[in-house]
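Asks: No sequence on hand, only this structure:
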């Protein structure tokens, strides 16, 4: 039984039939992780004991007929989600010693549904990065080519799902941190509408952009998990009080008549030609299923990266002020005075990329610069959101590339932040506008996976999940497994 | 040394920023208790501690309280207000920022009337009032070389009430602050306890040559937490500024601290050293949006305010204006007075005299508030009723009052137990009068020769004989009748 190759939906059916137990499933995946993680460095913490205990409880619950929607099914949490009693590092030296006294809402919801957590995945430090190279715990390697980046910041999650360590992992997406790594590892990555999933217990990077989501191998699994994760949380004022639909109910419906928007600017310069070709092929598949394509214009799209790199650092500079060496996290040895305690605790605890963004953010919020940067960026953000709104008056989804290129080599861009930032050029718009978006595997370029990016209107997760699912019914890119991990 | 107010040629300009702690049960953004005086850090949860991943959730009660305040001072209550982050590092500020309101506060453009130095009514503008969270406390004693942090107060809701620079003397500043103090307690939105820091202010003080339009450079006096200190601190600061300018110096914009031991103000930090707070809207909180219906619903709960209550006390109870003002100084006192009035047939003025006189004196003596008076309003009404129906005289009543204060029982119980019932039986009084006349033939002769003042001597003697229990009016009448013959 190749349990590791099965999707969550298939594993759920197997557990239900009694083909295997959750303990057997968990043991087999933990063995794979033990055998192969060294190649990838996908984990910060592997929670073997907790996982086996949770699996045993799930098996008991199944016998008692009481298990939840994810009873006994394995998942991995990005190490940005607070987990009670287990280290939560956020990929930083700053939190290398931090054990959260509480569970994030996402963690609690999955646990309540019976999910078995195998571990905490490696990530870019405080989710700031697009290659997983900013992690204090070292870079994660791409299962398709160990010399390549798995993307970031949810690189440990994407690599784990691609390497068949688990059928699903949680992630967070502030500018593309779920979708870009999904694209670079041949997995499905879903970022829901801003406010759809609670941010409570997610270590904050940029509060107005951060959104929790999932990395899976099928749209169907993403729909299954989203149904459990989504919903209003009274602990998060920005979560939205709107009923959670049954995302699986409509996923099998045809996409005949679906209006697919194609953004002309997406295929301009900057996009790798072969990547563009794979994406166009994918759009042709959608058309063959009865979808119609309509060209749409997002005139301010080119402003999304600069806008993002004002808004996100501004919020991060404030959000990361709480890491001051006083109450938790890294504290400098023998501080001379208060200023020394602050300067050295933060200087030692944060890595270069985090410092770069704190400084950028501090600058753009400073007296005399606030109007020129932060306020202007907020206005442009509104323009971008308006562009999308106008586009969605005529189309149901917008389809295009997730990233400009396939996975790049580790070390290639790490010294060139601007080039690194441009990796998120297609994904950032959805964060600025708060829209749901996902990446679905749509082929290979030079044996490296490429993703199709689908963006929906606010709360139109059902539409993009159905579109992704119908596409995956016609293609098997997502079933391809990296050779070293078969 | 020039006393403030006598600074001829100089005009004093003061604006106050009052911090009123709102009387909610839980904090502004978390469920922790706001009760004062708990062991350090026992009332601070993960939100108050600024743990990774936690988020603030607005306590809706503070919106109601701020709305009520806005309506009470004729202000505009904003349909949409926005919380912003004020960023700075300090150990008692766990998140590294304070959640406050900057550009869009919940209350704007209010006003408050005070009596100026000449007793005339003067309108003081209230620029704005905004909601914010308090910081924790640093404790420097008892930790050797380091400091302790108590975060019980972190996240306590504050309403910061900012006045226009309309105040022209320390006395006006105190009068204004007292008015605000009264209002917030009337509204029940703050306990106004200044010792516990629930009500404190910063004063922006400047001086300018009389007649000059342009404002002088101001100094900000921080954390003044008693009416007495506010007056002293402002006067000292005014004097310092005038002396400085007259000696050819210039006032620098800075924050100063008042030292009550040395009675001086000291520089804390200048404008150059001031923090750049990098305010921006807090992305964790939605704008506070309230409807016209909400505002009207809050308005419907508005209690009677001091000014209205004062004129009603004059109109409805026929009280003297001064008494009405004293009785309406706090809602609790006014409520107590009215409870006495409804429970007795005596006139409201008599009730007022007793509340303002004996009761206030006893409270003051024991350092108590009206809320923990030893004598309930119903019991005081019982005492006043016994005066009104002539069971006891006013003099005896004071004796009864003291016994009541000491917890010896109700007025009736004490009168009965001590045999203090007034003698109103004319024949009994006549017998005593006859005895007094018989015992003092000399004084009788003098009185009858025209020395009318001696009537007091005879009354005194009769009261002495009756242990004060004879009805003084009757005694007077009978004496006069008998001495005539």
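Replies: Noted; the coordinates are in hand. Only a predicted model underlies this, so the values are computations on that prediction, with no experimental measurement involved.
Asks: Other residues contacting the helix or strand of chain A with the lowest mean pLDDT?
Replies: Sorting the helices and strands of chain A by mean pLDDT, DSSP states H and E puts helix A:417-422 at the bottom, at a mean of 83. By C-beta atoms under 8 Å, 6 or more residues apart in numbering or on different chains, the residues outside helix A:417-422 that reach it are A:129-131, A:270, A:305, A:309, A:353, A:356, A:404, A:413-414. All C-beta spots, glycine's among them, are computed from the backbone N, C-alpha and C.
Asks: Neighbour count and pLDDT added to those residues, as JSON lines?
Replies: Conversion of the contacts of helix A:417-422 to JSON lines gives the following (neighbours: other C-beta atoms under 10 Å in any protein chain shown; pLDDT from 0 to 100):
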{"residue": "A:129", "neighbour count": "29", "pLDDT": "95"}
{"residue": "A:130", "neighbour count": "30", "pLDDT": "94"}
{"residue": "A:131", "neighbour count": "30", "pLDDT": "95"}
{"residue": "A:270", "neighbour count": "14", "pLDDT": "84"}
{"residue": "A:305", "neighbour count": "18", "pLDDT": "94"}
{"residue": "A:309", "neighbour count": "22", "pLDDT": "96"}
{"residue": "A:353", "neighbour count": "20", "pLDDT": "96"}
{"residue": "A:356", "neighbour count": "15", "pLDDT": "96"}
{"residue": "A:404", "neighbour count": "18", "pLDDT": "94"}
{"residue": "A:413", "neighbour count": "19", "pLDDT": "85"}
{"residue": "A:414", "neighbour count": "18", "pLDDT": "81"}
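Asks: quick one: which of the residues you listed sit in helices?
Replies: Secondary structure from DSSP state H places A:305, A:309, A:353, A:356 of the contacts of helix A:417-422 in helices.
Asks: most residues in a single helix of the chain, which one?
Replies: With no chain named, the answer covers chain A. helix A:22-40.
Asks: my bad, chain B
Replies: Longest helix in chain B, counting residues (DSSP H): helix B:227-246.
Asks: Return the list of helices and strands in contact with that helix.
Replies: strand B:10-21, helix B:170-187, strand B:199-209, strand B:219-224, strand B:254-259, strand B:264-270 (3 or more C-beta pairs under 8 Å, 6 or more residues apart in numbering or on different chains; DSSP states H and E).
Asks: Comparing the ones you listed by mean pLDDT, which bottoms out?
Replies: Among the helices and strands packed on helix B:227-246, strand B:264-270 carries the lowest mean pLDDT, at a mean of 83.
Asks: Packing partners of that one?
Replies: Against strand B:264-270 (3+ C-beta pairs under 8 Å, 6+ apart) you get strand B:219-224, helix B:227-246, strand B:254-259.
Asks: if we can go back for a sec, beyond the longest helix of chain A, next helix or strand please.
Replies: strand A:43-46 (DSSP states H and E).
Asks: After that next one, which helix or strand is next?
Replies: helix A:48-64.
Asks: And the helix or strand just after that following helix, what's buried?
Replies: Reading on from helix A:48-64 to the C-terminus, the next helix or strand found by DSSP H and E is strand A:74-78. For strand A:74-78, the neighbour count (16 or more other C-beta atoms under 10 Å in any protein chain shown) marks A:74-78 as buried.
Asks: ok, now how distant is residue A:412 from chain B?
Replies: Separation of residue A:412 from chain B (C-beta to the nearest C-beta, to the nearest Å): 31 Å.
Asks: where in the chain is pLDDT low?
Replies: You didn't pick a chain, so chain A it is. A:1 (pLDDT under 70).
Asks: Chain B, not that one
Replies: Looking at chain B by pLDDT under 70, you get B:1-7, B:270-274, B:485.
Asks: For it, which residues are neighbours of chain A?
Replies: B:46, B:49-58, B:85, B:87, B:89, B:91, B:94-97, B:149, B:276, B:278-280, B:283-286 (C-beta under 8 Å from any C-beta of the partner chain).
Asks: Tell me if residue A:161 really is in a helix.
Replies: Yes: membership of residue A:161 in a helix is supported by DSSP: H, G, I helix; E, B strand; the rest coil.
Asks: show me what contacts it?
Replies: Contacts of residue A:161 (C-beta under 8 Å, 6+ apart): A:76, A:167-169, A:185, A:187, A:215-217.
Asks: Domains in chain B, by residue range?
Replies: For chain B, automatic domain parsing gives the domain ranges B:10-296, B:306-418, B:426-484.
Asks: can you list the ones you listed in CSV and add mean neighbour count?
Replies: Listed next are the domains of chain B as CSV, based on neighbours: other C-beta atoms under 10 Å in any protein chain shown:
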stretch, mean neighbour count
domain B:10-296, 18
domain B:306-418, 18
domain B:426-484, 15
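Asks: Turn those into a markdown table, including distance to residue A:448.
Replies: Output for the domains of chain B, formatted as a markdown table (distance: least, C-beta to C-beta, whole Å):
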| stretch | distance to residue A:448 |
| --- | --- |
| domain B:10-296 | 34 |
| domain B:306-418 | 75 |
| domain B:426-484 | 109 |
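Asks: Next, residue B:458: secondary structure please.
Replies: Residue B:458 ends up helix, using three-state DSSP.
Asks: What residues does it make contact with?
Replies: Contacts of residue B:458 by C-beta under 8 Å, 6+ apart are B:433, B:436-437, B:440, B:443, B:447, B:479, B:483.
Asks: just residue B:196 next, same as before
Replies: Neighbours of residue B:196 in contact, by C-beta under 8 Å, 6+ apart: B:36-37.
Asks: Roughly how far does it sit from chain A?
Replies: Taking C-beta to the nearest C-beta, one finds residue B:196 at 25 Å from chain A.
Asks: Could you do residue B:434 as well?
Replies: 86 Å.
Asks: Surely that residue and residue B:483 touch.
Replies: No: using C-beta atoms under 8 Å, residue B:434 is not in contact with residue B:483, being 11.2 Å away.
Asks: In terms of helix, strand or coil, where does residue A:213 fall?
Replies: Per three-state DSSP, residue A:213 ends up strand.
Asks: what pairs with it across the strands?
Replies: residue A:171 (DSSP bridges).
Asks: Helix, strand or coil: sort out residue B:93 for me.
Replies: Strictly by three-state DSSP, residue B:93 counts as coil.
Asks: which residues sit in contact with it?
Replies: So residue B:93 contacts B:135-136, B:154 (C-beta under 8 Å, 6+ apart).
Asks: I'd like those residues as JSON lines, with secondary structure appended.
Replies: Putting those into JSON lines (three-state DSSP) gives the following:
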{"residue": "B:135", "secondary structure": "coil"}
{"residue": "B:136", "secondary structure": "coil"}
{"residue": "B:154", "secondary structure": "coil"}
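Asks: Grab the nearest non-local neighbour of the residue in the stretch 201-350 of chain A positioned nearest to chain B.
Replies: Residue of the stretch 201-350 of chain A nearest chain B, by C-beta to the nearest C-beta: residue A:321 (2.4 Å). Among residues not flanking residue A:321 along the chain, residue B:96 sits closest, at 2.4 Å (C-beta to C-beta, 6 or more residues apart in numbering or on different chains).
Asks: now swap in residue B:34 and tell me
Replies: In space, residue B:34 is closest to residue B:156, 5.2 Å off (C-beta to C-beta, 6+ apart).
Asks: how near is the one you found to residue B:196?
Replies: 11 Å (C-beta to C-beta, to the nearest Å).
Asks: Which of the contacts of residue B:458 fall in helices?
Replies: Within the contacts of residue B:458, residues falling in helices by DSSP H are B:433, B:436-437, B:443, B:447, B:479, B:483.
Asks: My read is that residue A:329 contacts residue A:97, right?
Replies: Yes: with contact defined as C-beta under 8 Å, residue A:329 and residue A:97 form a contacting pair (7.0 Å).
Asks: neighbour-wise, which of the two wins?
Replies: residue A:329 (22 against 12; other C-beta atoms under 10 Å in any protein chain shown).
Asks: any chance you could read off phi and psi for the nearest residue to residue A:135 once chain neighbours are set aside?
Replies: Leaving aside its chain neighbours, residue A:135 sits nearest to residue A:91 (4.1 Å; criterion: C-beta to C-beta, 6+ apart). Per-residue torsions, residue A:91: phi 70, psi 20 (degrees, to the nearest 10).
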